[in-house]
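> I'll drop the sequence and a predicted model, then ask my questions.
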Amino acid sequence: MTKWLSVFGFIAVAASAEPVLVTGGKYTPAILLDESVQSLVMEDFKLDATPVTYAQYLEFVKANPKWQRAHAAAIFHDGNYLISWPGNTEIPKGYAERAVTEVSWFAARAYCSAKGGRLPTLDEWEYASSQYLQQQQLSDQAYAQMLFGRHSNPTAYSQQPLDVNSKALAHMHNRVNEWVEDFQLMLTSGDNNDILSSSCGDSARFMADFGDASYATFFRYQSRSNYRAQSTTSTLGFRCAYDME
Amino acid sequence: MKPLMIAIAAASLVFGSAMAQDHSHHHNHKDHTTLGAAQVSQEDSIYHLDGEWQTHTGETIQLAELQGQPVLVSMIYGSCTTACPVLVNDARRVYQALPEAYRKHVKLLMVSFDQDRDTPAALAEYANKYGLGENVWLFLHGQDDNIRALATLLGVRYRKRADGDFDHSNLVTVLDTKGRIVQRTEGLNRPVDEAVAALMKVIDDNHLMHH
Amino acid sequence: MKSFVKTALASALLVSFAGCTGVVDANVPLKHDSEYVIDGKIYGMPKAKIYRDEYNGPAVVGDYVTMVPHLAELDYEGNKEHEVRMDVFSQNVEVAPGVSYNAWTFGGSVPGPVLHVREGDRVVFKMKNRSTEEVVITKPFKGAAPYYNQVATNQLQKHKPVVAPMPHSMDFHSGTVAANDKWATIAPGETIEFEWIANYAGTYMYHCGTSSVLMHTAMGQYGAVVVSPKEGYPTDDQVDQEYVIVQSELYLEQMGDSYIYDHSAALARDPSHVVFNGHVSSLSENPLKANEGDRVRIHFLNAGPSGTSSFHVIGAIFDMVWAEGDPRNTWYGMQTVLLGASSSATVEFIVPEEGVYKLVDHEFADAERGAAGALYAGPRKK
C-alpha cells in the first residue's frame, strides 16, 4: 500500500506545475497595515501555481524524516499535525491531488525551504491574489460570495482536487486558507495600538474602501492572524514563493 | 474597484513618497510602534530551532548550545533608540537584582531583528556599552527566517517598516535549562521580581549552584 | 478599600486574607491576590490562561446552564462559584423550514446556552475551540449541563456536526474585565480559561468578539446570561413562569442546495430571517406555557447583531419592566419595549384569560421575517 502510494505520489510531483512569475508593480492593498502607507511597490517573485499537494508533501516527509508525523518536534505543531495520515509516509487514500492541510506554519516553512523557496510574505500573497482576481475577471460581488461561501462550508472546498498542471495561478481563494510568512496581523494606527490589542468591530479605519470585495479580503487577514504558528487544521495549507534568480 | 482607483489617485504614491509620509507621520515618535506580544500556548523547548546564529564575539552557534543554564532572552535592534535600550537595561536590572551567587549561572541573550544592520561587530559595540563583563551578554545576529521563527516561538510580534526600523513587542522571557518558556514580562521598565524569582527557581531546581 | 489592594505575597497569605473578607462584606469572597473591592463589587481578576488540552468531554458544562427558553432555578442561598464550559464549534442548524446553514456556535445551538447566576457569583469559565472537530450535542453526556438533555428533546434545529476551523473568542457583557485579556481570540485546538464576577444584576448578551465581529455574531455566536439580583425582584414571590427569549437576525442566501452567510446583506441590515430563540418556529412549535391569571416573567435579549426589537405581547401589557434586567431601572405599564442591539429587558405581565398570546417584534418587517411566537394560556388554577 505504502509503495503504491509513493509511486503515485512521485507521478503527481512530476506532473506538478512550475512556479509562476508574479510581475512586480505598484500595489494598493485593500487593507492598510499602516495608516501612513497607502501603496507598496512589489518586486518580481515566483509563486507556486497551486497550493502544495499531499503527494508533494509526502515526497518531502520521505526525504525529511524529522517532519514525519511521528517525528515532528512538539513545539512545531499543535498535536494534530498530519493527523489524518494512516502512517508516517502514507497519505489518506484519494488525497494525492488535494491541497495538503494539517500543516503548521513551521512545517510549511520547512517544506518551502527544502524546495529552495520560502513562504510568501503577506503582501506578496495578497498582491498575487489581486492580480489573480484581475485575470479571472471576477466581479467583487462574486469574489465576496465565493469567500464567504467557503467560510460557510470550508471542508467541502478543501477536499476538492487541485488543477495540478495549471500554468497560471490557481485556487487562490477556492480551496484552503494559506500560510504566509508574516501571518500575524499587525495593523497599527498610531503608537501603542495594534489590532490584536483592540476590541471587536473597530477595524473599519484599516480598510481602503467598504466594498464587498474588501470585506471579504479583510476577513482573510483577520482570521489568518488569529492562528498560532503551531496551528494545524483541515482547511489550512500553503504554497511557496521563490526569489528571482 | 472605483473607490480603490480614487484612493490611488488621491495618494499618488510611489514607494519613496510612502516612506517620506511614514516619516512625517511618525516625526514625533521616531521610534517604533509597540505591538502587543502574542500568546504562547506551547510548553516545549525553543531549542528545537536549528538555525545558525553569529554571536557578537564572532562565533557561530545554534540555540541548543545554550542548554544547561537559565537564559533571559529579549529581541531588539541596534539602531533603535528608545525601547530597545530600555529592554537591554531591563535585562541588566534583572541580572543585578539576582543574589551575587546566582548571577554567574544566568545568560542574557539579546537577539536582533535586524539582519542587515546588526552585524556581529555592531552588536559587539552594543554589548560593550552595557558592561557587566565577559560571558554575561550574548548578542545574536541571524538570518531573517531564523529571526522570524524565534520571535514566533517567543510570542514576539514584529515587522520591518519601510524606513528600515522595526515595530515590535517589548518582551523579556525567562527560559529554563532546556529552553522552555517559564516566565514572560511584557512592557518596558517593569518590576523585575517575577523574572528574578523564575531564574532563581530554575537554578535551585537544577542544583546549578553545587556545580 | 485600599487595604484590599495587595502586592504579590506568598500564597500562604491567601488564607488569612480570605479570613478577613467578612470585615467588608460577608458575601464577597475574594479568591486571588489581584482582586479588590469597590462598592461591594469585585474587580481585578487574574489573567486569562490559554493552553492546549485534549479535552473531549461534554461541550457544555454547568448546573445552571440551559437551552432557551428555559432558565435554571437557583437552588442555593447567597453566592456561589460556577464552573462553566461552553466550547465553540460549528454545527449545521435549521432556522426555518428547509433553511439550514453551518452556524458558528457556542455549545452547538443558535442562540447558545443560557447561563443563570446570582449577582455576586463567580464564574470560572472554560472554552475550547473545537471548530476542527465534529461535536455531537444531541445525545445525553455524563457531566453535561441540563442544556444537553433539553437539546436532545427539542430537535427543531436538527443539529448536525460540521467541521469549520476558525479562530474564535468569548465576550461576556456580564463580566467587568480587561477585554484584551479575557476576551482574547483562541486558535482551533486551544482552550481559554478566565474568571469573572457577576457584579451587576441583569440579562446580558455574550458573543464572539473576533473580527469580523459582524460575521461571527451573524453566524450564530451569541446567547444570554441572566444575573438575578442579590435581593431579588420585588415580584419574585408572585411569578408563576419565567422564560428567556433571545431575538436575532440571520443574513443568509441560497447557494446551491444550502445557505451561506451574506455579508452584503448583513452590512445593509437586510436580514433574511429574524428569529426568536434561533428558529422562525421556536415559539410556535414549542409555545411558552402559562395559565390564566399567571404572572409571567420574560428575560428578553435582543442579540442583534445590528437590528432593534420592539417586543410586544398581543393582548397583554407589561406591568413591570426592568430595563437591562436591573431592578433599579423600573418602568411600568408598557405596551412595547424597544431594545437596541445587545440590550435586554426583564418584563412581566399578567395573563388575562385562557387563550393564545402572540409574541412579536412589533417592527412588523421583523415579525414578517420570523420574529413571532406564542404563549398558550390554560384555564385559571388559582
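It's in. Treat the numbers as computed from the prediction; the structure is a model and nothing was measured.
> A:G116 and B:I147, how far apart?
With distances defined as Cβ to Cβ, to the nearest Å, the gap from A:G116 to B:I147 amounts to 20 Å. Quick note: C-beta positions are derived from backbone N, CA and C, even for glycine.
> Which pLDDT does the model give the spatially most central residue of chain A?
With distances taken as Cα atoms, centre = their mean, the residue of chain A nearest its centroid is A:E178 (1.6 Å). According to the predicted model, the pLDDT of A:E178 comes to 97.
> That one pairs with what?
For A:E178, the beta-bridge assignment (DSSP bridges) gives partners A:G237.
> wait, isn't it in contact with A:W125?
Yes. A:E178 sits in contact with A:W125 when judged by Cβ atoms under 8 Å, with a separation of 6.7 Å.
> thinking again about what came up before, neighbour-wise, which of A:G116 and B:I147 wins?
Applying other Cβ atoms under 10 Å in any protein chain shown to A:G116 and B:I147 shows that B:I147 carries more neighbours, namely 23 against 9.
> Could you check how far that one is from B:M75?
Between B:I147 and B:M75 the computed distance is 8 Å (Cβ to Cβ).
> Mind jotting down where the strands sit in the stretch 1-150 of chain C?
C:36-38, C:41-43, C:49-52, C:60-61, C:65-66, C:81-86, C:88-96, C:99-106, C:114-118, C:122-128 (DSSP state E, counting those that start in this stretch).
> Can you lay out those as CSV showing distance to chain B?
Written out in CSV, the entries for these read as follows (distance: least, Cβ to the nearest Cβ, whole Å):
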stretch, distance to chain B
strand C:36-38, 18
strand C:41-43, 21
strand C:49-52, 5
strand C:60-61, 21
strand C:65-66, 26
strand C:81-86, 18
strand C:88-96, 16
strand C:99-106, 20
strand C:114-118, 25
strand C:122-128, 12
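> Tell me which of these sits nearest to B:L49.
Distances from B:L49 to each of the strands of the stretch 1-150 of chain C were compared by Cβ to Cβ, and the smallest falls on strand C:49-52, at 19.6 Å.
> for that closest one, packing partners?
In terms of contact count using 3 or more Cβ pairs under 8 Å, 6 or more residues apart in numbering or on different chains; DSSP states H and E, strand C:49-52 is assigned the packing partners strand C:190-197.
> So C:F311 is in contact with C:L339, correct?
Yes. Using Cβ under 8 Å, C:F311 is in contact with C:L339, at 6.7 Å.
> Next, show the common contact partners of those two.
Taking Cβ atoms under 8 Å, 6 or more residues apart in numbering or on different chains as the criterion, C:F311 and C:L339 both touch C:Q247, C:F300, C:N302, C:A345.
> Between which two of the residues you listed is the distance greatest?
The largest separation in the shared contacts of C:F311 and C:L339, counting by Cβ to Cβ, is between C:Q247 and C:A345 at 11.4 Å.
> Leaving out sequence neighbours, find the closest residue to the most centrally placed residue in chain C.
To find the centre residue of chain C, average its C-alpha atoms and take the closest one (Cα atoms, centre = their mean): that gives C:A224, at 1.4 Å. Nearest residue to C:A224, sequence neighbours excluded (Cβ to Cβ, 6 or more residues apart in numbering or on different chains): C:L301, at 4.6 Å.
> Ok, A:L82 next?
For A:L82, the nearest residue in space outside its immediate sequence neighbours is A:R69; the separation is 4.2 Å by Cβ to Cβ, 6+ apart.
> what about that neighbour, how many residues close to it?
A:R69: 19 neighbours (other Cβ under 10 Å).
> cool, and C:E353?
So C:E353, with other Cβ under 10 Å, has 11 neighbours.
> That one is in what secondary structure piece?
If you go by DSSP states H and E, C:E353 is not part of any helix or strand.
> That one and C:A316, how far apart?
From C:E353 over to C:A316 the distance is 10 Å, taken as Cβ to Cβ.
> related to what we said a few turns ago, for the residue nearest to the centre of chain A, what are its contacts?
Residues in contact with A:E178 (Cβ under 8 Å, 6+ apart) are A:P51, A:W125, A:L236, A:G237, A:F238, A:R239.
> which of these are the two that sit furthest away from each other?
Pairwise distances among the contacts of A:E178 were taken by Cβ to Cβ; the largest, 13.5 Å, belongs to A:W125 and A:L236.
> between those two, which one's more packed in?
More neighbours surround A:L236 than the other of A:W125 and A:L236, with 28 against 25 (other Cβ under 10 Å).
> sorry, back to before: redo the contacts of A:E178 as CSV? Include pLDDT.
Compiled in CSV, the contacts of A:E178 are given as follows (pLDDT from 0 to 100):
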residue, pLDDT
A:P51, 97
A:W125, 97
A:L236, 96
A:G237, 98
A:F238, 98
A:R239, 98
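> Please enumerate the helices of chain B.
Remark: helices assigned in chain B by DSSP state H are B:2-11, B:15-25, B:83-97, B:100-103, B:120-129, B:144-154, B:193-205.
> So what sits opposite the most centrally placed residue in chain B in the bridge?
Within chain B, one residue has its C-alpha closest to the average C-alpha position: by Cα atoms, centre = their mean, that is B:M75, at 0.6 Å. Each beta-bridge partner of B:M75 is listed here: B:V111, as defined by DSSP bridges.
> Which segments of chain C make up each domain?
Here the domain parsing of chain C from automatic domain parsing is C:1-44, C:47-228, C:238-378.
> Quickly compare those domains and say which is most buried.
Between these, the one whose residues have the most neighbours on average, counting mean count of other Cβ atoms under 10 Å in any protein chain shown, is domain C:47-228 (a mean of 22).
> Just name the shakiest helix or strand of chain B by mean pLDDT.
Least confident element among the helices and strands of chain B, by mean pLDDT, DSSP states H and E: helix B:15-25 (a mean of 30).
> Spit out the contact partners of the residue in the stretch 251-382 of chain C positioned nearest to chain B.
Closest residue of the stretch 251-382 of chain C to chain B, Cβ to the nearest Cβ: C:L267 (14.8 Å). Under the criterion of Cβ under 8 Å, 6+ apart, the neighbours of C:L267 are A:F210, A:Y215, C:L214.
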